[in-house]
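J.: Predicted model follows, preceded by the sequence.
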Amino acid sequence: MRSRPSLVPPFAIIVALALLMASCGPVPAPLTPDAKLAFHATRVVKALDVVRDAAIASNETTPPIISTNSTRTVVLWHRTVVQVIQAVPGGWKTTVKASIFVLTCDVRAYDPTPAYPTPPPCTSQLAPAEVVRLAPYVGLVLIVISEVL
């Protein structure tokens, strides 16, 4: 007996795109430097929420697309990254990108340095199929981060 494909991943993509389109506006003009930092941080946190929510929704399908342990890893990663953004309002960008690289081994998140122009060998904290499932959402986060000054 064949099972029907789940509508959760396409629905999650639509929701993610709608949220990102709503948050992709220019910075309001009369903001102070601290307010601009908070504005950009809020945009990134909303994008990070989409990654977390996609992992949770993928775990709730039958059968689960992402394992419970991997979902827990993503949720804990999300919480830690949000705490970093709150603790270091002006200097979180490099740390968040590095954490995405450690979580997924996605080379798009690697910032080359003169000492390390290519990414080091990496072992993802998630299964390869799970990384592929979350790759579009991670890509959206990286785009939003790249827009932050």
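T.: Received, thanks.

J.: any chance you could map the strands in this structure?
T.: Using DSSP state E, the chain contains no strands.

J.: Name the helix or strand of it that has the lowest mean pLDDT.
T.: Using mean pLDDT, DSSP states H and E, helix 8-23 stands out as the lowest-scoring helix or strand of the chain, at a mean of 59.

J.: mean confidence score for the lengthiest helix in the chain?
T.: The longest helix of the chain (DSSP state H) is helix 33-59. Averaged over helix 33-59, pLDDT sits at 92.

J.: What of stretch 114-129?
T.: pLDDT averaged over stretch 114-129 gives 92.

J.: That stretch spans what distance, first to last residue?
T.: Its first and final residues considered, stretch 114-129 spans 32 Å by C-alpha to C-alpha, to the nearest Å.

J.: which parts of that stretch are buried?
T.: The neighbour-count check on stretch 114-129 (16 or more other C-beta atoms under 10 Å) flags Q125, L126 as buried. C-beta coordinates here come from the backbone N, C-alpha and C atoms, glycine included.

J.: what does stretch 45-61 give?
T.: 45-48, 50-59.

J.: Could you export those residues as CSV, including distance to T73?
T.: Converted to CSV, those look like this (distance: C-beta to C-beta, whole Å):
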residue, distance to T73
V45, 19
K46, 21
A47, 18
L48, 14
V50, 17
V51, 12
R52, 11
D53, 15
A54, 14
A55, 9
I56, 12
A57, 16
S58, 13
N59, 11
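
J.: hmm, back to that, what helices and strands are in contact with the longest helix of the chain?
T.: In this structure, helix 33-59 packs against helix 8-23, helix 68-87, helix 128-147, with contacts taken as 3 or more C-beta pairs under 8 Å, 6 or more residues apart in numbering; DSSP states H and E.

J.: Please write out the alpha-carbon positions of stretch 92-101 in CSV.
T.: The C-alpha coordinates for stretch 92-101 follow below in CSV (Å, rounded to 0.1, in the frame of the first residue of the first chain):
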residue,chain,number,x,y,z
TRP,A,92,26.9,37.9,16.3
LYS,A,93,27.1,37.5,12.5
THR,A,94,30.4,35.4,12.4
THR,A,95,29.4,33.3,15.3
VAL,A,96,25.9,32.5,13.9
LYS,A,97,27.4,31.6,10.5
ALA,A,98,30.0,29.4,12.1
SER,A,99,27.3,27.6,14.1
ILE,A,100,25.3,26.9,10.9
PHE,A,101,28.5,25.4,9.4
